[in-house]
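In: one predicted model, sequence on top.
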Amino acid sequence: MGMIGDVSDRSIALGPGVVSLPERLLLAHARGEVLLVCGAGVSMPAGLPNFEELVVDVYRVLDPPVHQVMEEVRADPARQADGGDLEPQQVAEVRQFAKGEYDVVLGMLERRLDGSWQAVFP
């Protein structure tokens, strides 16, 4: 029984308008030998927020005062987080947000909300 093309050179289209994937990649994935890592922007075509918007949405729900300052920073990137009515931890979060360090910001928020912030930044 002859094979029509070697697995190493065949591609499979998973649907109309979808990029074809090498069959060897799909087979390796089925065997658990592949981990696909996608960037945050991969969800945007589905109407989901990018990472910046996700952080802003989280703060809108969990910390409205910081959310307000983040929205001001988004509108005017030259705006700096000042003390104002924010606690030092919140100011630090806004500063990291302004730098685009969204993963750091969420980590800081998590530590602050679970009470371990001072253990990290004495």
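Out: Cool, got the structure.

In: all contacts plus neighbour counts: C-alpha atoms, from now on.
Out: Will do.

In: so Leu21 is in which element?
Out: strand 20-22 (DSSP states H and E).

In: quick one: average confidence on the following helix or strand past that strand?
Out: Counting by DSSP H and E, the element after strand 20-22 in chain order, helix or strand, is helix 23-30. For helix 23-30, mean pLDDT is 90.

In: same question for stretch 33-43.
Out: For stretch 33-43, the per-residue pLDDT averages 78.

In: quick check: the residue nearest the centre of the chain vs Gly100, distance?
Out: What sits nearest the mean C-alpha location of the chain, by Cα atoms, centre = their mean, is Phe51, with 4.0 Å. Look at Phe51 and Gly100: by Cα to Cα, to the nearest Å, they are 9 Å apart.

In: try Arg74
Out: Distance, Arg74 to Gly100, by Cα to Cα: 11 Å.

In: try Pro49
Out: With Cα to Cα as the criterion, Pro49 and Gly100 are 15 Å apart.
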